[in-house]
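**Q** Compute the structure for the input listed below.
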Amino acid sequence: MELENYASGGLTPVEVLRTATTVSAEALGAGADLGSIEPGKLADLVVIDGNPLANIKDLRRVKRVVKDGQVFELDALLRR
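**A** From the prediction side, this is the model:
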């Protein structure tokens, strides 16, 4: 996984998550709408079963996806 490569390259887990979220949104010129959970921003996100700050590989443990306010259970999506 690309984010794990950042950690292998020396970034801390916090730096990896910022790279995947706020830094990427700002680089795309979309920081006003994306990249963090704040009032007025779009809230597409994933729910992880684990703590990627303690173990970056926990990012592979996606349980839910929230897209446009709708919650999708990963197990249900995989059964489709």
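**Q** Next up, the contacts around E4.
**A** Contacts for E4 (C-beta atoms under 8 Å, 6 or more residues apart in numbering) come out as 56-57, 59. Quick note: C-beta positions are derived from backbone N, CA and C, even for glycine.
**Q** If you rank the residues you listed by neighbours, which is first?
**A** Ranked by neighbour count (other C-beta atoms under 10 Å), the contacts of E4 have I56 at the top, with 22 neighbours.
**Q** these two touch, right, it and N5?
**A** No. The criterion here is C-beta atoms under 8 Å, and I56 misses it with N5 at 9.9 Å.
**Q** hey, C-alpha coordinates of the biggest strand by length in the chain in CSV?
**A** In the chain, with assignment by DSSP state E, the single longest strand is strand 62-67. The C-alpha trace of strand 62-67 is given here as CSV (Å, rounded to 0.1, in the frame of the first residue of the first chain):
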residue,chain,number,x,y,z
VAL,A,62,-11.5,-0.7,6.5
LYS,A,63,-14.9,-1.4,8.1
ARG,A,64,-17.1,1.3,6.6
VAL,A,65,-17.1,4.0,3.9
VAL,A,66,-19.1,7.2,4.3
LYS,A,67,-19.7,8.8,0.9
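**Q** Helix or strand next in line after it, which one?
**A** Sequence-wise, the next helix or strand downstream of strand 62-67 (DSSP states H and E) is strand 70-73.
**Q** Just the mean pLDDT for that following strand, thanks.
**A** Per-residue pLDDT over strand 70-73 has a mean of 94.
**Q** All further residue positions should be reported with the first residue as 25.
**A** In the new numbering, first residue 25, that becomes strand 94-97.
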